[in-house]
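Asker: this one's sequence-less:
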């Protein structure tokens, strides 16, 4: 089945599209990437999305963006088809994650009750109409309805594509995605889906992007190649203070977003008055250290071998990857998803193509061990 995945993540940097061919066998799934495309958000659109993300706003602005984003997604999809030489009519299904503007996986008090909630905008019906292709969207609410946190959802795909099914396997594989938020999926040797552990470790690129934008007066969207961080020195006192945050010590399942590591968090960092390069270096080390600590805390005491397979935009930051290598145990191998045929920049777009495929077949695709849901459920809403 030929499926397109469309992903726009918490970094709010733009849209990724991946078109894949999915073939399923008994207990296995093969994915062949046919084309990929990325388009940065224009500055005015990014500013508009930031203004409604965990921020006081007007319902009018949310509604308008909810209908505007599918236009952007459709344009990116057709561009991907054109660049890859793919006839759009041969694409049978689209999986669209949408743009998260609020995520609160843990229940909060509201009007005498407790409610967990999430909101991704970018209407699937509009996208289906614009492309003429069925669309699966709004993946997270069903997991929350089943008592989960609505995140992370990619671990099911990690399990399908990356687990070592060899019954004699000895190596633990850890899938690491460093997007706006960093998350890990631990795959014990020859594991069943119920044995998978996955959760958000904390900030990925989100804090670094905000600091780079602040110190460059908006001229930069990220600390490209870790250039700013490489010129600074980590402040050990600030790092130690940041590492004491309750989130890092909370047991999974857990999920994070702009609510924890957005503008308020960045303002608290800026209030330290550290030199820009030193603050970038410290924040970069925070991402690496919290990832490594999370991985080490979840590995069994008797584990013999571990491979960390990284993906996401953070893979392109050599300073971050160098810090991560230093924080991980020496015997741990650090690779990228490219070694397994999955482009690190498009792994999440590919994942939502796979999740859409599973929904189309009415297969449950959340992992209760990862999200905390009471049971596995079929995710998303289908717009024909």
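Answerer: Yes, it's here. Just so you know, these numbers come straight off a predicted model, no measurement behind them. Numbers count the residues shown, from 1 in each chain.

Asker: Can you give the distance of stretch 321-337 from its chain's centre?
Answerer: 20 Å (CA atoms, centre = their mean, to the nearest Å).

Asker: Pull out the buried positions in stretch 113-122.
Answerer: 116, 118, 119, 120, 121, 122 (16 or more other CB atoms under 10 Å). (Glycine included, C-beta is placed from N, CA and C.)

Asker: Could you say which helix or strand holds residue 208?
Answerer: Using DSSP states H and E, the element containing residue 208 is helix 206-215.

Asker: Apologies, that question was intended for residue 39.
Answerer: Residue 39 belongs to strand 28-40, assigned by DSSP H and E.

Asker: And the contacts of that strand?
Answerer: 2, 13-24, 72, 75-76, 79-81, 83-86, 160-161, 165, 221, 341-343, 345-346, 349-350, 353-354 (CB atoms under 8 Å, 6 or more residues apart in numbering).

Asker: Check stretch 301-312 too.
Answerer: Contacts for stretch 301-312 (CB under 8 Å, 6+ apart): 162, 170-179, 182, 204-205, 295, 299, 321, 324, 328-329, 331-337, 339-340, 342, 344-345, 347-348.

Asker: any idea how far it is from the chain center?
Answerer: 19 Å.

Asker: Can you list the strands that the lengthiest strand in the chain pairs with?
Answerer: Scanning the chain for the strand with the most residues, using DSSP state E, yields strand 93-110. Neighbouring strands of strand 93-110 in its sheet, by DSSP bridges, are strand 2-8 (parallel), strand 113-121 (antiparallel), strand 135-137 (parallel).

Asker: As CSV, those with distance to residue 253 and mean pLDDT would be great.
Answerer: Putting the strands paired with strand 93-110 into CSV (distance: least, CB to CB, whole Å; pLDDT from 0 to 100) gives the following:
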stretch, distance to residue 253, mean pLDDT
strand 2-8, 22, 97
strand 113-121, 12, 97
strand 135-137, 23, 98
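
Asker: among the ones you listed, which is nearest residue 250?
Answerer: strand 113-121 (15.2 Å; CB to CB).

Asker: so after the closest one, what's the next helix or strand?
Answerer: Toward the C-terminus from strand 113-121 - assigned by DSSP H and E - lies helix 124-131.

Asker: That next one to strand 2-8, inter-axis angle?
Answerer: Here the directions of helix 124-131 and strand 2-8 differ by 120 degrees (axes from the mean of the first three to the mean of the last three CA atoms, to 10 degrees).

Asker: which parts of helix 124-131 are buried?
Answerer: So, applying 16+ other CB under 10 Å, buried residues of helix 124-131: 124, 126, 127, 128, 130, 131.

Asker: counting contacts, what elements does that helix pack onto?
Answerer: Judged by 3 or more CB pairs under 8 Å, 6 or more residues apart in numbering; DSSP states H and E, helix 124-131 is in contact with helix 59-84, strand 93-110, strand 135-137, strand 381-383.

Asker: Deepest in the core, which of the ones you listed is it.
Answerer: Among those, strand 135-137 has the highest mean neighbour count (mean count of other CB atoms under 10 Å), at a mean of 28.

Asker: Give the other helices and strands that the next helix or strand after the helix holding residue 208 contacts.
Answerer: For helix 206-215, the following helix or strand on the C-terminal side (DSSP H and E) is helix 227-230. Helix 227-230 sits against helix 206-215, helix 276-298, helix 318-327, with contacts defined as 3+ CB pairs under 8 Å, 6+ apart.

Asker: In CSV, list the strands paired with strand 93-110 along with distance to residue 234.
Answerer: Shown next, in CSV, are those (distance: least, CB to CB, whole Å):
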stretch, distance to residue 234
strand 2-8, 31
strand 113-121, 34
strand 135-137, 41
